[in-house]
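Chemist: Predicted model and sequence below, questions to follow.
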Amino acid sequence: MDEHLIEFSEALRTVAKALRRAAEGKASAQAEAAEWKRRYELERTRNLQMEQKARMAEQFSAEKNGDLDCERVKNSDNQSMLQNESNEHSETGCMKHGIWSHEVLRDRESDSNSNADRNKIMRKASFKLSWWCNGENGDQHKHDIVSFERGNITTAERSSKQISLKWESDPQTVLILTKPNSVSVRILCVQMVRWLRERKKLNVYVEPRVKVELLAESSNFSYVQTWKDDSEISHLHMKVDLVITLGGDGTVLWAASMFKGPVPPIVPFSLGSLGFMTPFHSEHFKDCLDSVLRGPISITLRHRLLCRVVRDAAKNEYETEEPFLVLNEVTIDRGISSYLTNLECYCDNSFVTCVQGDGLILSTTSGSTAYSLAAGGSMVHPQVPGILFTPICPHSLSFRPLILPEHVTVRIMVPFNSRSPAWASFDGKDRKLLAAGDALLCSMAPWPVPTACQVDSTNDFLRSIHDGLHWNLRKTQSFDGPRDRDL
Ligand SMILES: NC(=O)c1ccc[n+]([C@@H]2O[C@H](COP(=O)([O-])OP(=O)(O)OC[C@H]3O[C@@H](n4cnc5c(N)ncnc54)[C@H](O)[C@@H]3O)[C@@H](O)[C@H]2O)c1
Ligand SMILES: Nc1ncnc2c1ncn2[C@@H]1O[C@H](COP(=O)(O)OP(=O)(O)OP(=O)(O)O)[C@@H](O)[C@H]1O
């Protein structure tokens, strides 16, 4: 019996020993696993830091090159090993530009010094761009301009291209607008009306004043049509296919001001001194009109500004007086007051600045060569959409003109602490008093003024700044003289 007990206790000891060894083996395996895990984490952290550095360097160089495309994905050859999501890192790399992405990291067997980009692929989250219109999300009309297929933002179309007008049916009715008190204009008008009626069989409209002048010339002009009261002018755009202006830029401004909504194409003939917007020469009026009536013709779509005066007494911003549409500019100045104007300026509710000086010009790009230019604003191609914000004699050394984007609403307010009221004028006409608390709201109008080009918008614009302003005219340096022969 004793022998059996001894044998049994021996067996128990052996089992206990085996169990202890197994436990020790497990503990050592666990310790080894923990050590491997620690090393792996260390390695992974180091890799992530290197990748982040590489990405920042890449992003920096892309930004330097003007490249906004922030992700640069290079697929790794090494397709094995574990995959880990690492959102934080892709966010730091790309959120600056508004693109969210998720990064899939691949563990590496190779040296951690190898190029970090080789060991990752990036998956970008999809997103949608939308455009704000009058406080609403309205993006449909913009899809043709910017595409964001698969997260890549590209400009698909240019918003402003050279526009060509092709008649689908023959023009029937022409309105001729003329500069008053000019003998040469009156003579040309008589010839043009006759030619349009007798050769082209067109209906001709003129202003009441001009009809009187034509009838004084000959009673045969009784076919020429006109209007009796101003209310009929608001329907003219539905009757008239083409407007011809005989005068200078002021006559084009006059023509544009007659149309408070859509404007028919305007063919401006030059009978003024400068003629920035009048590319057609009156001597060749028959050839010019022949080709315009035949079409197709290049058109400059000249943007207009919609200006509304909101009185301090108004209950809300929609309670405004009759709005003005300007082709050149709206000017807010000190009028006859000898005090500085003091104008608070906001752009879509963001404070822009306080203008203290003679005033401020809010100009279209067509008007950039007019008053705004004289006040130090840039000359801008008329097809560029935007609002020029040009101070007049600002009493500050650091004021520079701005060009604001087309979609903003500019609000100019006369503050209550202003010493004097201000005056607003629209294309140099219709002066309106702005008392303390009154404001002027200005935004891009939906009805541009289409003017026919002699060649195309760019050629006509450059010709007008060369011929009209003698822009950058300098005698060419002569060839004889010192030269850098060895460079
Ligand atoms: N200091 C200035 O330069 C100044 C002062 C007041 C008004 N103006 C401009 O005069 C315009 C009114 O013209 P108007 O003919 O009825 O008055 P206006 O008879 O006084 O002529 C003003 C001059 O500005 C020229 N002009 C007009 N629009 C132009 C344009 N878009 N680009 C280049 N030149 C242009 C005209 O050809 C004309 O020579 C205003 O809209 C304003 O831009 C300029
Ligand atoms: N049909 C019209 N009725 C009333 N006023 C007009 C008409 N056409 C032009 N005017 C005004 O006549 C003025 C002079 O016109 P316009 O600028 O065309 O001639 P201009 O001064 O000889 O030309 P430029 O400005 O090129 O020297 C402008 O103030 C304009 O508003």
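Modeler: Perfect, thanks for sending it. Ligands and ions are numbered 1, 2, ... in the order given.

Chemist: Let me see the contact set for the residue in the stretch 101-250 of the chain positioned nearest to ligand 1.
Modeler: Closest to ligand 1 within the stretch 101-250 of the chain is residue 250: 2.5 Å, counting by Cβ to the nearest ligand atom. From N, CA and C alone the C-beta is placed, and that goes for glycine too. Applying Cβ atoms under 8 Å, 6 or more residues apart in numbering, we find residue 250 in contact with 179, 272.

Chemist: per-residue confidence for it?
Modeler: Note for residue 250: predicted pLDDT of 97.

Chemist: what about the helix or strand hosting it and ligand 2, touching?
Modeler: According to DSSP states H and E, residue 250 maps onto helix 249-258. Yes. Helix 249-258 reaches ligand 2 (Cβ under 6 Å from any ligand atom) through 249, 250, 251, 253, 254.

Chemist: any idea how far that helix is from the chain center?
Modeler: 25 Å (Cα atoms, centre = their mean, to the nearest Å).

Chemist: Can you give me the buried ones in stretch 184-201?
Modeler: By 16 or more other Cβ atoms under 10 Å, the buried positions in stretch 184-201 come out as 185, 186, 188, 189, 190, 192, 193, 194, 196, 197, 200.

Chemist: Phi, psi for the first one please.
Modeler: It stands for residue 185. phi -70, psi -40 (degrees, to the nearest 10).

Chemist: Please report the distance of it from ligand 2.
Modeler: 9 Å (Cβ to the nearest ligand atom, to the nearest Å).

Chemist: before we move on, the earlier item: can you tell me which of the buried residues of stretch 184-201 is closest to ligand 2?
Modeler: Using Cβ to the nearest ligand atom, those come closest to ligand 2 at residue 185, 8.8 Å.

Chemist: Hmm, residue 247 and the closest one touching each other?
Modeler: Yes. The criterion here is Cβ atoms under 8 Å, and residue 185 meets it with residue 247 at 6.2 Å.

Chemist: Now do the shared contacts for the two.
Modeler: Common neighbours of residue 185 and residue 247 are listed as 178, 179, 271 (criterion: Cβ under 8 Å, 6+ apart).

Chemist: Where is the longest strand in the chain?
Modeler: strand 350-363 (DSSP state E).

Chemist: Now do that one, average pLDDT.
Modeler: Here the average pLDDT along strand 350-363 is 98.

Chemist: can you pull out the helices in the stretch 251-400 of the chain?
Modeler: Secondary structure of the stretch 251-400 of the chain by DSSP state H, counting those that start in this stretch: the helices cover 285-294, 371-374.

Chemist: Name the residues of the stretch 251-400 of the chain found near ligand 1, please.
Modeler: So the stretch 251-400 of the chain meets ligand 1 at 253, 272-274, 276-277, 328-329, 366-367, 369-371, 374 (Cβ under 6 Å from any ligand atom).

Chemist: quick one on the thing from earlier: now for the shared contacts of residue 185 and residue 247, which sits with the most neighbours around it?
Modeler: Most neighbours among those, by other Cβ atoms under 10 Å: residue 178, with 24 neighbours.

Chemist: Give the full set of residues in contact with that residue.
Modeler: Per Cβ under 8 Å, 6+ apart, neighbours of residue 178: 185, 186, 189, 206, 207, 210, 245, 246, 247, 251.

Chemist: Tell me how far the last one lies from residue 271.
Modeler: Spatial separation of residue 251 from residue 271 under the definition Cβ to Cβ, to the nearest Å is 8 Å.

Chemist: so what sits against both of these two?
Modeler: Between them, residue 251 and residue 271 share the contacting residues 179, 278, judged by Cβ under 8 Å, 6+ apart.

Chemist: before we move on, the earlier item: could you list the paired strands of the longest strand of the chain along with their orientation?
Modeler: strand 329-333 (antiparallel), strand 341-347 (antiparallel), strand 387-394 (antiparallel) (DSSP bridges).

Chemist: State the pLDDT value of residue 77.
Modeler: At residue 77, the predicted lDDT confidence score is 38.

Chemist: Which positions in the stretch 101-250 of the chain make contact with ligand 2?
Modeler: So far as Cβ under 6 Å from any ligand atom goes, the stretch 101-250 of the chain lies against ligand 2 at 177, 178, 179, 180, 207, 247, 248, 249, 250.

Chemist: Quickly check the residues you listed for the two that are furthest apart.
Modeler: The distance between the two most remote of these (Cβ to Cβ) is 18.2 Å, for 207 and 249.

Chemist: higher neighbour count, those two?
Modeler: residue 249 (26 against 18).

Chemist: Check whether residue 480 sits in a helix, strand or coil.
Modeler: Following DSSP: H, G, I helix; E, B strand; the rest coil, the label given to residue 480 is coil.

Chemist: State the distance from it to residue 352.
Modeler: Residue 480 is 53 Å from residue 352, by Cβ to Cβ.

Chemist: the more surrounded of these two?
Modeler: More crowded of residue 480 and residue 352, by other Cβ under 10 Å: residue 352, with 17 against 6.

Chemist: Who is the closest residue to the more buried one other than its chain neighbours paired with across the strands?
Modeler: Leaving aside its sequence neighbours, residue 352 sits nearest to residue 345 (Cβ to Cβ, 6 or more residues apart in numbering; 4.2 Å). On the basis of DSSP bridges, residue 345 is bridged to residue 353, residue 412.

Chemist: Could you shift the numbering so residue one becomes 9, and keep it that way?
Modeler: Noted, 9 is the first residue going forward, which turns the last one into residue 353.

Chemist: Kindly tell me how buried residue 353 is, as a neighbour count.
Modeler: Residue 353 has 21 neighbours, counted by other Cβ under 10 Å.

Chemist: Tell me how far it lies from residue 18.
Modeler: Counting by Cβ to Cβ - residue 353 and residue 18 are separated by 101 Å.

Chemist: so can I have TSV of the buried residues of stretch 192-209 showing distance to residue 136 and secondary structure?
Modeler: Converted to TSV, the buried residues of stretch 192-209 look like this (distance: Cβ to Cβ, whole Å; DSSP: H, G, I helix; E, B strand; the rest coil):
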residue	distance to residue 136	secondary structure
193	55	helix
194	60	helix
196	56	helix
197	56	helix
198	61	helix
200	54	helix
201	56	helix
202	60	helix
204	53	helix
205	57	helix
208	52	coil
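
Chemist: still on that earlier bit, so which one of the residues of the stretch 259-408 of the chain next to ligand 1 is the model least confident about?
Modeler: Per-residue pLDDT puts residue 280 lowest of those, at 81.

Chemist: Hmm, residue 254 and it touching each other?
Modeler: No. Counting by Cβ under 8 Å, residue 280 sits too far from residue 254 to count as a contact (9.6 Å).
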